[in-house]
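Undergrad: Everything below, folded, please.
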Amino acid sequence: MADRKAELEKKKAKLEQMRIEKIKKQELEKKKKEVSESDSKPKVASDDDINAILSGLGIPSTASATTSPRAESEASSEARTETGSVVNEPVMIESTPSMITSSKAISLGFSKVAQTSIPPKEHIAYNKETQTPTEHGDREDEEDSLSVDTPGGGGRVQREVQAASALAAEDMAKVTRDERAGEEQKKEARIRILTEQEREELEMSEGFQLFLSRTSRVVERTVTTRDALDSFIDYRADADKKDAFDSKEAVRVTHKFVEERWSLGRIVASLDWSPFHPELLLAGYGENQQMASSDPDGVALVWNLNFPGASPEFRLEESSRITSCCFVRFHPHLIVGGTYLGRICLWDNRVNKHTPVQRTTISSNAHTYPVFCAQVVGTQNAHNLISISDDGRMCTWTVDMLAKPIETLELQKPVKSMSLPLNDYNQLVVGADDNRAYLVHRHGSKTGVQSTFESHTGPVTSVHCHPVSGPVDFSNLFLTSSFDYTVKLWSVKEPPKPVYTFEGNIDYILDAQWSPVHPALFAAVDLQGRFDLWNLNNDTEMPTATTWLEKQANLALKRVRWMPSGNTVAIGDNKGQVHIVDINEHLSQPRGDEWNKFVQTVQKMKTTPSWLN
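TA: You can find the predicted model right below:
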């Protein structure tokens with residue numbers, strides 16, 4: 001196709017060259033004609049000029065009178081006919097009777113001579129060039145300019161030009177037809193109707209599933225966030241935002257995450273914030289007694305705080321209900337969890353499936369009881385997964401190899417919760433159903449339980465070591481919550497009695513967590529749906545803020561987790577809902593003297609009479 005277009009372009013260039021040569025030739029003939037007419041005008045010559053001309057022709061001036069002018073003229077004509085040559089300046093001498101007798105009476109003049117011009121044979125060459133359509137008026141001008149007959153073959157040139165133009169037009173029409181035919185074939189291929197089998201195969205393909213999941217999520221985000229965009233916002237106005245905290249308002253519930261099929265009616269067993277994407281929240285759910293028979297017992301959902309009205313970002317499934325789960329701190333795409341049957345599962349959100357990419361087997365070398373504790377500990381280059389089951393077996397795993405634990409340790413305690421002190425990967429604190437907490441060493445000359453902390457009168461539901469780093473090290477402190485309606489503060493350096501006991505609740509306290517930024521702030525939730533914030537620098541007897549999330553019958557708050565920024569907490573309940581609660585900055589963010597004040601507060605709490613604890 002490209003060669004044909006180049007050939008037509010050359011033809012067009014040749015036609016243009018022929019037109020230019022023809023114009024030049026016409027101008028040259030016009031100049032010759034003007035010169036010929038100027039030479040044919042009669043001139044009056046003197047006797048001396050005439051004698052000089054005659055002498056140049058070899059005719060003596062004296063004998064010219066005896067010669068008949070007519071005879072000379074005929075002889076000259078015959079000579080021209082025989083030789084076929086053209087005399088440049090033929091002279092006809094007109095004589096009178098007086099010229100015969102006297103040479104002085106001779107009178108000469110010029111006569112017209114017919115000239116014949118034989119043009120050279122014209123050499124024609126063509127250049128192939130793309131023929132392009134022109135306007136009607138331009139075509140007529142071109143035809144008129146090419147139809148001018150030139151001596152010796154103008155008609156032939158015109159016919160050749162017309163033939164080339166017709167050939168170029170035909171070729172162009174063929175090219176257009178081929179292009180249209182190709183476009184029609186492509187269009188037919190695009191709109192080909194798939195068979196039922198082909199349609200099913202396409203819908204089940206991994207590429208189509210990824211495309212559908214991604215595009216539907218984008219559309220859903222756009223629809224759900226449209227109402228949040230304010231087109232009339234005035235940035236020059238006063239900064240009294242309608243969603244700003246009231247000066248007397250300490251906490252506020254902003255929204256909740258719930259999915260009718262996958263989370264509603266399930267107990268929220270575990271919560272965790274992503275260390276790579278702070279807006280992502282992982283929630284692990286137990287089984288639903290009213291779920292469909294085809295639905296899995298265990299489900300974990302990843303919610304996006306930036307799109308509160310949208311569906312979960314990811315859904316993870318397991319045949320057994322999930323009892324614990326967390327993000328893998330050093331792998332942005334991996335999630336690990338423990339199940340009620342004792343399996344450890346590993347999910348990868350890069351894989352287009354909801355089931356785990358790895359899971360452990362139920363054997364005597366691993367867990368055979370429910371795994372309520374699972375956490376990744378260590379550094380970027382050296383980290384492991386630690387899991388503890390309800391029978392007190394602690395296993396250490398390599399995250400990407402769950403076929404067999406690299407080591408096991410028998411604690412022989414009914415462990416329900418676990419926490420590690422800040423920057424300490426050898427010892428950990430666990431809470432058990434026997435109303436006690438234990439300090440455990442993983443390595444060293446003596447492993448296993450090192451210390452016992454006993455003061456609760458009910459099972460320990462949670463344990464959390466102090467996570468805040470600052471001018472003063474409080475990593476030796478940890479909190480426990482219990483069915484005995486209390487939260488207790490402990491020090492790993494001073495077993496077995498607590499530093500202080502926080503009372504005031506009238507039902508089971510199911511979880512208690514330190515703030516990640518404030519050294520003296522912690523949150524607690526109970527079975528009645530009550531959420532408490534304690535700022536120990538302000539008051540150790542009563543919580544700083546208390547709220548009930550919803551007035552629902554039998555609403556129990558199961559888990560609470562702080563967002564890494566310290567301004568927001570996520571709270572899971574027994575109905576499959578995850579509530580997002582914002583904390584007022586004057587309460588959540590520490591001032592510069594909070595660490596020193598907390599040192600004094602701890603010393604003051606230690607001096608409290610032991611019978612109160």
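Undergrad: hey, let's count contacts and neighbours off CA atoms from now on
TA: OK.
Undergrad: Tell me who's in contact with Glu37.
TA: Not one residue lies near Glu37 by C-alpha atoms under 8 Å, 6 or more residues apart in numbering.
Undergrad: Buried ones in stretch 358-373, by neighbour count?
TA: Gln358, Arg359, Thr360, Thr361, Ala366, His367, Thr368, Tyr369, Pro370, Val371, Phe372, Cys373 (16 or more other C-alpha atoms under 10 Å).
Undergrad: and Tyr500, how many neighbours does it have?
TA: 23 (other C-alpha atoms under 10 Å).
Undergrad: Could you tell me the per-residue confidence at it?
TA: Per-residue confidence (pLDDT) for Tyr500: 94.
Undergrad: For it, give the beta-bridge partners.
TA: Note on Tyr500: beta-bridge partners by DSSP bridges are Leu489.
Undergrad: roughly how far apart are it and Val440?
TA: To Val440, Tyr500 is 22 Å away according to C-alpha to C-alpha, to the nearest Å.
Undergrad: Then Asn352?
TA: 39 Å.
Undergrad: more crowded one of those two?
TA: Remark: of Asn352 and Val440, Val440 carries more neighbours, 20 against 12, as counted by other C-alpha under 10 Å.
Undergrad: List the residues that contact that one.
TA: So Val440 contacts Gln427, Leu428, Val429, Val430, Thr447, Gly448, Val449, Gln450, Ser451 (C-alpha under 8 Å, 6+ apart).
Undergrad: looking at those, which has the most residues close by?
TA: Result: Val430 is most packed of the contacts of Val440 (other C-alpha under 10 Å), 28 neighbours.
Undergrad: Disregarding residues adjacent in the polypeptide, which is nearest to that one?
TA: Once flanking residues are discounted, Val430 sits nearest to Met418: 4.3 Å by C-alpha to C-alpha, 6 or more residues apart in numbering.
Undergrad: I'd assumed His464 was in contact with that neighbour.
TA: Yes: here Met418 reaches His464: they are 7.4 Å apart, a contact under C-alpha atoms under 8 Å.
Undergrad: Give me the phi and psi angles of the residue lying closest to Pro496 once chain neighbours are set aside.
TA: Once flanking residues are discounted, Pro496 sits nearest to Phe453: 4.3 Å by C-alpha to C-alpha, 6+ apart. As for Phe453, its main-chain torsions (degrees, to the nearest 10) stand at phi -120, psi 110.
Undergrad: now swap in Leu301 and tell me
TA: The phi and psi values for Leu301, taken as degrees, to the nearest 10, are phi -120, psi 140.
Undergrad: what about the closest residue to it other than its chain neighbours, helix or strand, and which?
TA: Once flanking residues are discounted, Leu301 sits nearest to Arg315: 4.8 Å by C-alpha to C-alpha, 6+ apart. Assessed by DSSP states H and E, Arg315 sits inside strand 314-318.
Undergrad: Tell me the secondary structure of the residue lying closest to Leu420 once chain neighbours are set aside, please.
TA: Closest residue to Leu420 apart from its sequence neighbours, by C-alpha to C-alpha, 6+ apart: Leu428 at 4.5 Å. Three-state call for Leu428 (DSSP: H, G, I helix; E, B strand; the rest coil): strand.
Undergrad: quick one: what helix or strand has Asp49 in it?
TA: Assigned by DSSP H and E, Asp49 falls in helix 47-57.
Undergrad: Now do that helix: distance to the chain's middle.
TA: Centre-to-centre, helix 47-57 and its host chain are 102 Å apart (C-alpha atoms, centre = their mean, to the nearest Å).
Undergrad: Quick check: mean pLDDT of it?
TA: On average, helix 47-57 scores 75.
Undergrad: Repeat that for stretch 325-341.
TA: The pLDDT scores in stretch 325-341 average 94.
Undergrad: re earlier: for the helix holding Asp49, buried residues please.
TA: Ile50.
Undergrad: where does the stretch 151-300 of the chain have low pLDDT?
TA: 151-158, 161, 187-191, 217, 220-247 (pLDDT under 70).
Undergrad: How about Ala524: what's its closest non-neighbour residue?
TA: Ala512 is the one closest to Ala524 (C-alpha to C-alpha, 6+ apart), at 4.3 Å.
Undergrad: Where does that neighbour fall, secondary structure wise?
TA: Using DSSP H and E, Ala512 maps to strand 509-514.
Undergrad: Show the subsequent helix or strand relative to that strand.
TA: strand 521-526.
Undergrad: now the angle from that following strand to strand 509-514?
TA: Between strand 521-526 and strand 509-514, the angle comes out at 170 degrees (axes from the mean of the first three to the mean of the last three C-alpha atoms, to 10 degrees).
Undergrad: buried stuff in strand 521-526?
TA: Leu521, Phe522, Ala523, Ala524, Val525, Asp526.
Undergrad: residues touching the first one, list them.
TA: In this structure, Leu521 makes contact with Trp514, Ser515, Leu533, Trp534, Asn535, Leu536, Ser588, judged by C-alpha under 8 Å, 6+ apart.
Undergrad: gap between the first one and Val499?
TA: Read it as Trp514. From Trp514 to Val499 the distance is 16 Å (C-alpha to C-alpha).
Undergrad: same check, this time on the fifth one
TA: Applying C-alpha to C-alpha, the value for Asn535 to Val499 is 16 Å.
Undergrad: With the fourth one instead?
TA: Distance of Trp534 to Val499, given as C-alpha to C-alpha: 16 Å.
Undergrad: Same question for Arg266.
TA: 36 Å.
Undergrad: Low-confidence stretches in the stretch 1-150 of the chain?
TA: Ranges of the stretch 1-150 of the chain meeting pLDDT under 70: 1-2, 38-46, 58, 60-107, 112-113, 115-117, 119-150.
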